[in-house]
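> Provide a 3D model corresponding to the input given below.
(chains A and B)
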Amino acid sequence: MSSQDCIVALASGRAVAALSLIRASGEGIFEIFKSMLQSEVQLEPNHSQFCRLYSQGEPIDEVVATYFKAPKSFTGEDMIEISCHGNPLIVERIIEEFVSRGTRIAEAGEFSRRAYKNNKMSLWDLEALDLLMSSSQVEGVRWAIRSKLEASGLRLQDFRNRLSEVLSQVEAELDFPEHEVDQGTRDGLTKAIEAMALELESWAISFEKSRSHFFSPKVAILGPPNVGKSSLFNCLLGQERAIVYNLAGTTRDLLEAQLRLGGLDLCLVDTAGLRESSDPLERLGMQKSLEVLKAADLVLWLSDQAEPAPQSYRELAKDSKWLFLATKSDLRAREQRKEAWIYISSQTGEGIEKLKKELLSWQKGRPDFEGSLHLSSDRQCQLVREAQSLLSEALDLAAGSAELEWLAQKLREANQRLEPLIGKIGHEEILGRILSRFCIGK
Amino acid sequence: MKLLKDSYDVIVVGAGHAGVEAALAAQRKALKVLLLSMSADQIATMSCNPAVGGLGKSQLAKELDILGGQMARIADQSALQYRVLNARKGPAVRATRVHCDRHEYRQRMKFFVESQEGLYLKQAQVTELLFEGHQLIGLKTKGGQPYYSRQIVITTGTFMNGKAHLGHTSFSAGRAGEAASVGLSDFLSSIGLRIRRFKTGTVPRVDARSIDFTKTEEQASDPEASSLSFFTKERRKDLEPAHLTYTNPRTHEIIRQSMDQSPLYSGMIESRGPRYCPSVEDKVLRFPDKDRHQVFLEREGRWTHEVYVGGLSTSLPLDRQEEFLRSIEGLESVEIIRPGYAIEYDYLDSTQLKHNLEVRDVPGLFFAGQVNGTSGYEEAAAQGLMAGINAALRAKGEEAFTLKRAEAYTGVLIDDLVERGTEEPYRMLSSRAEWRLLLREDNVDQRLFPHAKRLGLLSEADLESLESRLSLRQESMARLSKINLKASEHLSLFRSLGLEPPSRPMRFVDYMRRPEFKTEHLGPILEALEEGFELSDMDWTQILTDLKYSGYVKQAETQIHQMDRMERMKIPEALNFGEIKGLPIEAIESLSKNRPRSFFEAKRLQGLTPASLQVLALYIQRERKNHACQKA
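Predicted coordinates for the structure are as follows:
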């Protein structure tokens, strides 16, 4: 391990709480920490110890400290974790003590980066952790922890072994001409590649089906000015968040709020009304509305006349779900109601329950937890898709009359794509496998 | 320089496959060269298998041939047999192997070396190097004779502190029957070089008259094989078959029962040997399920009855060797001439070298061949050539010559040695080459001609013949791409060849790209089209492969080009690495300490991850843009 300077940071939230957690890592961090104690306290690796911290003889706080000795720590370096009292002023003082003793405040993500660098975490692990920390949905958290456990799990290892085995078989055949291969071995090879391609596809499919459940879907309320968008926004939230005024163009900026409906967590966005306008401020607001439209998972299109949304808007979010809401139903005659529109009134509450039901029933299927492995980022999914198509190409080559070196080439490229996920399968590993499996050499 | 009569531009220590190539390369740069060998008889001796070529190795030999080395030519001149390996597995892994008369090979190489102007062959053992301050100025022989040069190439093979093992006995030797070189490796350690120890082994040689060849399978020379050298005009006609037989359960039983007498298993030998070249003891112990192993019987020459018993490397005692050999079909009454043995030797940790094979910390001192931890004549010769060229370039004050991984197996070999070192005797394998599909036997001339021309090791006539072949191929390609196929012509011809006739009019070159189209289809089709070409089979293979691989080649070249551009990127001398945001401390320290001038150098520093390099590249590019803006 190369020498690393010491870093420190608050690991828990910044608000006042019963306890706060401070982490520090790096070579020599243990000595730095010990210099903050007054009495001779024994700190055993992996044991928590109650102790008092001092600054120039003056007590700072009573804490519980845990010492992790390299390489058995999160970062792979010597680490100290301190649970102190949760007043931000205490946290600040403790961190200052570390800094005054030559420790640097960590940059965002630096602990994880060190863990990665010291081979404590793989990229698979790191990205699963990222999802685990950032997902705003219970489903996403459930998914991420599965993915994280898989980082060191047997199934990933098993897949890696199978790929390594296939690579070795092909390379053995190329590099050691005296190594003869029968048809049975050939068929076995084809079957193994086919199985891997299918498995990769299943990882990708289950991720693609599930990823929309990892973050709160964006629900955009859009429509012409003064059709009651902000009224609906307030009505759904059950509180007066947006200013409602009977004048077109009241809402100029975006308003966002979390809406919990049953088990569903939505990010509700109120927008400025869309119309021709020469007011630069209003036009700026509309610009933002259109951006929200583009990013929305679900669009609530409001119109008090049940006028459909212009085609140009529909184009901007053609993959999203649209619900058409005719507003101010209390002011309209019942006879002229159109099919496919939900008539609502934020005043009387008419149709609001129906709308909520629609929202609850809207889900692009359930997350697919059944898949064998759980990818945790779009990038991973992309790599898996590429590797899968390279393996399929390899299969076509194996079936056709192409030479073995081409099959090897496709396998090598697939291996390259998967490297960030399963780790490098390098030449030495392949050679080792060949030589331990086959009796080669003259 | 001291005495003019004892001073040379380049001195090469050792006259094995690396040594002769190094000496010849330097001599071809018109320099005065001294070649020292412990025995003036043993020039380019084949210590083991009497063959040149094989997977990855024939590429090395052919690369050396184009750059101006001697190995491939001498191999053709002393050939006993030719074989093509992997004929059906694809052009990139197809390889030529020439089984040679080892005595003729040695004699021809010795005579060739002796015949060169300005190249002095002397018999002597070197024990120390001479320095003036830190400057290398020469060396001293065991007899106390100094020779002076500022460029010295060490190619001592397995001779440094060599120790041979046969059963429970061991003795100091460089090769069985030849003295080891004692003293030099201690001297090298004393000047701070890291020396390590490997082991390798060889097989028994037996008397042909005691073999019953009727009980073996005959393997005739392959008429399809091409010559190893591009410059061989006439192939030898007096080729001979080799023979194949097999071990059996009885052989394995004898070996198993003798295991306590094997120095490999009794703990006498602790150093690491090549896993891909296991002894027969290894084979029997590690693969108990296999009830037979191949045994190749190869004559060692036309004027000897000695036969090389390929596949049975062993260090068991002589009587055990005789017993297990006699259990093999055809060898029932075999007589051993020389037993097989294992040998341990000192080698240099090759990560101490630069890409020109010069020791990083001792300017002017070069290492090449088996002493760098490699195995095989071709690996040795390729390094010898490169070290010889670079020693010569240094003597002339010119820039070093290196080859990239994407352009030659020689580049892969040296880059692996310098960057990674090796944990076992290093043999070239095609799987070591990430650009395998580009590094083919058939396109070596195309790959390396520009280098060959610049280096000027080849004679004018050889360079011209290479150039004219390349341009003939280019012209032929241009003519080929003008030939069009009509949809309904020559239907029966295509069908008789087992090919689907073109369903629409198309260019012939596009038709040639189809996977099922092979070189043997060219003759009849071109004849029917009434088109004549004066191309050899090798040329056609090259053209056809280029066509079929063009998609991949284009993609690979783009990647290689990007890599090159990045590597060539200069790092400004005044750059303060500490100012670069996002660069980890250890990267800043390493960069500030070593001050690399280019990315190529930066990539080789400790503590620089790919991520750090990316950060550095972005920073330099941005700075450059900013500068450009300010100037404008």
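
> Wait, a strand at B:Glu281?
No. Using DSSP: H, G, I helix; E, B strand; the rest coil, the assignment for B:Glu281 is helix, not a strand.

> didn't it look like it was pressed against B:Tyr265?
Yes. With contact defined as Cβ atoms under 8 Å, B:Glu281 reaches B:Tyr265; the gap is 6.6 Å. Glycine gets a C-beta too; all of them are placed from N, C-alpha and C.

> Now the common contact residues for the two.
Counting by Cβ atoms under 8 Å, 6 or more residues apart in numbering or on different chains, the common neighbours of B:Glu281 and B:Tyr265 are B:Met259.

> of these two, who's got more company?
In this view B:Glu281 and B:Tyr265 are compared by other Cβ atoms under 10 Å in any protein chain shown, and B:Glu281 has more residues nearby, 24 against 17.

> which residue packs closest to the more buried one, ignoring adjacent ones?
B:Ser262 (5.0 Å; Cβ to Cβ, 6 or more residues apart in numbering or on different chains).

> same deal with B:Glu332?
Per Cβ to Cβ, 6+ apart, closest to B:Glu332 is B:Arg326, 5.7 Å.

> Next: A:Leu189.
Nearest in space to A:Leu189, with sequence neighbours left out and distances taken as Cβ to Cβ, 6+ apart, is A:Gln169 at 5.7 Å.

> Please identify the helix or strand for the one you found.
Following DSSP states H and E, one finds A:Gln169 within helix A:154-175.

> how far does the helix or strand that that helix is followed by sit from the chain's center?
Once helix A:154-175 ends, the next helix or strand along the chain (criterion: DSSP H and E) is helix A:183-210. Centroid displacement of helix A:183-210 relative to its chain, using Cα atoms, centre = their mean, to the nearest Å, is 25 Å.

> in helix A:183-210, what counts as buried?
Neighbour-count burial for helix A:183-210, counted by 16 or more other Cβ atoms under 10 Å in any protein chain shown, picks out A:189, A:192-193, A:196-197, A:199-204, A:206-207, A:210.

> same check, this time on stretch A:135-153
A:135, A:137, A:139-148, A:150-151.

> B:Met563: neighbouring residues, count only.
16.

> could you check the distance from it over to A:Leu383?
In this view, B:Met563 and A:Leu383 are 20 Å apart by Cβ to Cβ, to the nearest Å.

> Surely B:Arg272 is in contact with B:Phe198?
Yes. The pair B:Arg272 and B:Phe198 passes the contact test of Cβ under 8 Å, sitting 6.0 Å apart.

> any residues in contact with both of the two?
Common neighbours of B:Arg272 and B:Phe198 (Cβ under 8 Å, 6+ apart) are B:Glu424.

> who has more neighbours, the two?
B:Phe198 (23 against 17).

> what sits opposite A:Lys218 in the beta ladder?
Taking DSSP bridges as the rule, A:Lys218 bridges to A:Cys267.

> That one: neighbour count?
The burial count assigned to A:Lys218 is 18, neighbours taken as other Cβ under 10 Å.

> Retrieve the pLDDT associated with it.
On pLDDT, A:Lys218 comes in at 88.

> Toward the C-terminus, what is the element adjacent to the strand or helix carrying B:Leu385?
Using DSSP H and E, B:Leu385 sits in helix B:377-395. Later in the chain than helix B:377-395, the nearest helix or strand by DSSP H and E is helix B:409-419.

> now the helix or strand that that next one is followed by and helix B:409-419, what's the angle there?
The helix or strand immediately downstream of helix B:409-419 is helix B:444-455, counting by DSSP H and E. Calculated by axes from the mean of the first three to the mean of the last three Cα atoms, to 10 degrees, helix B:444-455 forms an angle of 70 degrees with helix B:409-419.

> For helix B:444-455, give the mean pLDDT please.
Taken as a whole, helix B:444-455 has a mean pLDDT of 96.

> now stretch A:424-431
When pLDDT is averaged along stretch A:424-431, the result is 87.

> how far does that stretch sit from the chain's center?
31 Å.

> For that stretch, list every residue counted as buried.
Buried residues in stretch A:424-431 (16+ other Cβ under 10 Å): A:425, A:427, A:430-431.

> Run through the residues of chain A sitting next to chain B.
A:2-5, A:117, A:171, A:173-178, A:400-406, A:408-409, A:412, A:427, A:430-432, A:435, A:439-442 (Cβ under 8 Å from any Cβ of the partner chain).

> shaky segments in chain A?
Flagging of chain A using pLDDT under 70 yields the residue ranges A:1-3, A:263, A:363-366, A:441-442.

> Break down the stretch 201-350 of chain A into its helices, ranges please.
Here the stretch 201-350 of chain A has its helices, by DSSP state H, counting those that start in this stretch, at A:229-237, A:280-295, A:311-316.

> Spatially central residue in the chain, please.
By default, I'm working from chain A. Nearest to the geometric centre of chain A sits A:Leu131, at 2.9 Å (Cα atoms, centre = their mean).

> The chain in question should be chain B.
Centroid-nearest residue in chain B, with Cα atoms, centre = their mean: B:Glu379, separated by 2.7 Å.

> I figured that one was touching B:Tyr426, is that so?
Yes. Using Cβ under 8 Å, B:Glu379 makes contact with B:Tyr426 at a distance of 6.8 Å.

> Quick check: can you list the domain ranges of the chain?
Answering for chain A, as no chain was given. A:7-120, A:130-210+A:372-437, A:218-349 (automatic domain parsing).

> let's do chain B instead
Chain B resolves into domains spanning B:9-202+B:345-453, B:205-216+B:237-341, B:482-552, B:569-631 when parsed by automatic domain parsing.

> hey, which of these is tucked in deepest?
domain B:9-202+B:345-453 (a mean of 22; mean count of other Cβ atoms under 10 Å in any protein chain shown).

> Give me the helices and strands touching the strand ranked longest in chain A, please.
Using DSSP state E, we find that the single longest strand of chain A is strand A:58-68. Where contact means 3 or more Cβ pairs under 8 Å, 6 or more residues apart in numbering or on different chains; DSSP states H and E, strand A:58-68 is packed against helix A:29-34, strand A:48-55, strand A:79-85, helix A:88-100.

> that older thread, shared neighbours, B:Glu379 and B:Tyr426?
Joint contacts of B:Glu379 and B:Tyr426 (Cβ under 8 Å, 6+ apart) are B:Leu413.

> quick one: average confidence on stretch B:213-233?
Mean predicted confidence for stretch B:213-233 is 94.

> buried sites along it?
B:216, B:219, B:221-222, B:225-232.

> For the residue nearest to the residue nearest to the centre of chain B when sequence neighbours are not counted, give its distance to B:Arg420.
In space, and not counting its chain neighbours, B:Glu379 is closest to B:Met428: 5.7 Å by Cβ to Cβ, 6+ apart. Distance of B:Met428 to B:Arg420, computed by Cβ to Cβ: 14 Å.

> Having no further points to raise, I will conclude here.
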